[in-house]
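In: Mind looking at a prediction? Sequence and model below.
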Amino acid sequence: MLTKELVAASVEPMVLSLLLTGESYGYAILRDIERISGEKIQWTEGMLYPVLHRLEEQGQIRARWKIADNGRRRKYYSLSPQGKTALAELKRQWLTVHETLTQLWEPANA
Amino acid sequence: MHELDSKLAAWRHDALRKLRDRDAVDELEGHLREILAAETSAGHAPSDAWERALVRMGQPGELAREFDKLHGGGWIDAAIFWSLATLLVLVVAGLVMPMLSKLNDDRWRDLLISHVAMITIGYTLTIAAGLVGAHYALRVVLAGRSNRVLAKRLPSAVGWLMLVAAPLTIVGIVLGSIWAAKHLGAAWSWDAKEIGGLIAVAGQAAIILTMVRGWPTYVRMALALAASGISLFAWFSPALLQYHSYGPAPQIVLIIMHLVAALFMMAAVLVAIRPRLRYA
């Protein structure tokens, strides 16, 4: 299990990365992250929805209500151009951390 | 299913009260329904599915706390709050204290001093509620929108101020009537200060009604601004008409009347921009 701090820090890049593949909604985002992480990452609704609303207020994602297959209204989120720019920056930062740690953990450095 | 529907309705009612964001509650309710559908199709009984869904989803209070973390008070809130609080202290210190100092004459003592004290506290709290309303209105205008914290904490503050102000104002009016019956020969004469007092109490009662009925935030804040204006008018306009033997100079009263007009204008602006507020 990941620490709470690491999970919290990774929510934004994960949500933005997931929405890069197409629009989605809260329930599906949670399920997709669980599936992709092999159930190693399990977000709570109380963590996801405030982040979605903050990203929407910041203009990084857009939201629109649609009628789902079950006949109920469902709020779908999609990535905005601003969100794509923010994701590129986040990706650069996370890759820097990843590459640095990878080098540090290579056998020669270990 | 009927059992789940009634539980969902109760959950929604609680969530609306705690989050004060219909859009978010609609979305969370949709999510809750998705979890329930998944749990029941996995073979869980409705009551079991409900318990499991709530464990996943969290209670409305827990969700509201998570949403509240999104919005800090911010420098605008602090600046507006302290400016308005300072203004209120200056108004009370500069205008009310000289009035009270004139109450040393024996004929003003006893009932009348109690009446003045009660009315002073009742009106001051109502004006404070109006300043909280002004804080909300200015924040909405300056920042372009409300937020969940403003939509919850400020109306709550206004409501509590009124729960204290209304009884004090009513008792103050009653004491004034008893004094008037003893010294002026009639308990009630429908003069400007008496009518003003009644209208101020009506404004306070209207704000309490918005609490009881759970009306939207902007309604309570607009009423707080209006009630504040009414209280200022009821308090100081009799001085212009010489109904009180004490009171500030007419020039100061005219300045206060401009403030009253500004408060009513802010209430009107708040009502006018309401459709643009997400959290109201």
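Out: Arrived safely. Since we're looking at a predicted model, the values are computed, not measured.
In: now the helices for the chain?
Out: Since you didn't name a chain, this refers to chain A. Using DSSP state H, the helices of chain A run over residues A:4-20, A:26-36, A:45-57, A:81-104.
In: actually it's chain B I care about, not the one you picked
Out: B:2-19, B:22-41, B:46-57, B:60-68, B:74-91, B:97-101, B:111-143, B:148-183, B:192-213, B:217-240, B:250-273.
In: most neighbours per residue, which of those?
Out: helix B:217-240 (a mean of 26; mean count of other CB atoms under 10 Å in any protein chain shown). Just so you know, the C-beta spots here come from the backbone N, C-alpha and C atoms, and that holds for glycine as well.
In: Any regions of chain A where pLDDT drops low?
Out: A:108-110 (pLDDT under 70).
In: Which residues of it lie near chain B?
Out: A:25-27, A:44-47, A:49-50, A:53-54, A:70, A:72-75 (CB under 8 Å from any CB of the partner chain).
In: Which residue would be the closest one in the stretch 51-200 of chain B to chain A?
Out: B:Glu66 (4.0 Å; CB to the nearest CB).
In: what sits against that residue?
Out: Residues near B:Glu66 by CB atoms under 8 Å, 6 or more residues apart in numbering or on different chains: A:Gly46, A:Met47, A:Tyr49, A:Pro50, B:Gly58.
In: so what's B:Gly30 up against?
Out: So B:Gly30 contacts A:Tyr25, A:Gly26, A:Tyr27, A:Arg72, A:Arg73, A:Arg74, A:Lys75 (CB under 8 Å, 6+ apart).
In: Does B:His44 touch B:Arg52 like I think?
Out: Yes. Assessed by CB atoms under 8 Å, B:His44 is found in contact with B:Arg52 at 6.4 Å.
In: Please report how far B:Gly43 lies from chain A.
Out: 19 Å (CB to the nearest CB, to the nearest Å).
In: now swap in B:Ala206 and tell me
Out: Counting by CB to the nearest CB, the gap from B:Ala206 to chain A is 32 Å.
In: what residues are up against that residue?
Out: Applying CB under 8 Å, 6+ apart, the residues near B:Ala206 are B:Leu223, B:Ala227.
In: ok, back up a step: in the residues of chain A next to chain B, find the pair that's most separated.
Out: Largest separation among the residues of chain A next to chain B by CB to CB: A:Arg54 and A:Asn70, giving 27.5 Å.
In: Just want to know which of those two has more residues nearby.
Out: Comparing A:Arg54 with A:Asn70 by other CB atoms under 10 Å in any protein chain shown, the one with more neighbours is A:Arg54, at 16 against 10.
In: wait, what's in contact with the residue nearest in space to the middle of chain B?
Out: The centre of chain B sits closest to B:Val158, judged by CA atoms, centre = their mean, with a distance of 2.6 Å. For B:Val158, the contacting residues are B:Ala129, B:Val132, B:Gly133, B:Ile207, B:Arg220, B:Met221, B:Ala224, by CB under 8 Å, 6+ apart.
In: Quick check, pLDDT for B:Tyr243.
Out: For B:Tyr243, the model assigns a pLDDT of 56.
In: Quick check: which ranges of the stretch 151-280 of chain B have low pLDDT?
Out: Checking the stretch 151-280 of chain B against pLDDT under 70 turns up B:151-152, B:239-248, B:274-280.
In: Repeat the analysis, applying 50 as the threshold.
Out: B:275, B:280 (pLDDT under 50).
In: Can you check the residues of chain A next to chain B and name whichever has the most neighbours?
Out: A:Tyr49 leads the residues of chain A next to chain B on contacts (other CB under 10 Å) with 24 neighbours.
In: gap between that residue and A:His98?
Out: Going from A:Tyr49 to A:His98 by CB to CB, to the nearest Å gives 28 Å.
In: ok, now A:Glu34?
Out: Distance from A:Glu34 to A:His98, by CB to CB: 22 Å.
In: Give me the more crowded residue out of those two.
Out: A:Glu34 (14 against 10).
In: Contact partners for the more buried one?
Out: So A:Glu34 contacts A:Ile41, A:Gln42 (CB under 8 Å, 6+ apart).
In: can you check the one 5 residues further on too?
Out: Residues touching A:Glu39, when contacts are defined by CB under 8 Å, 6+ apart, are absent altogether.
In: Give me every residue in chain B that's in contact range of chain A.
Out: B:23-24, B:26-28, B:30-31, B:33-35, B:37, B:56-58, B:62-63, B:65-67, B:69-70.
In: and if we set it to 6 Å?
Out: Those residues of chain B that sit near chain A, judged by CB under 6 Å from any CB of the partner chain, are B:Glu27, B:Gly30, B:His31, B:Glu34, B:Met57, B:Gly58, B:Glu62, B:Leu63, B:Glu66, B:Phe67, B:Leu70.
In: Buried residues of stretch A:8-20, list them for me.
Out: A:Ser10, A:Val11, A:Glu12, A:Pro13, A:Met14, A:Val15, A:Leu16, A:Ser17, A:Leu18, A:Leu19 (16 or more other CB atoms under 10 Å in any protein chain shown).
In: ok, how many other residues are close to the closest residue to the fifth one other than its chain neighbours?
Out: In other words, A:Met14. Leaving aside its chain neighbours, A:Met14 sits nearest to A:Ile33 (6.0 Å; criterion: CB to CB, 6 or more residues apart in numbering or on different chains). The tally of other residues near A:Ile33 (other CB under 10 Å) stands at 21.
In: separation between A:Ile33 and A:Glu12?
Out: On the measure of CB to CB, A:Ile33 and A:Glu12 end up 12 Å apart.
In: Ok, A:Pro50 next?
Out: Taken as CB to CB, the span from A:Pro50 to A:Glu12 is 11 Å.
In: what does B:Leu198 give?
Out: B:Leu198 is 55 Å from A:Glu12, by CB to CB.
In: Now tabulate the residues of chain B next to chain A in a markdown table and tack on pLDDT.
Out: Converted to a markdown table, these look like this (pLDDT from 0 to 100):
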| residue | pLDDT |
| --- | --- |
| B:Glu27 | 92 |
| B:Gly30 | 92 |
| B:His31 | 93 |
| B:Glu34 | 91 |
| B:Met57 | 88 |
| B:Gly58 | 86 |
| B:Glu62 | 89 |
| B:Leu63 | 89 |
| B:Glu66 | 84 |
| B:Phe67 | 81 |
| B:Leu70 | 68 |
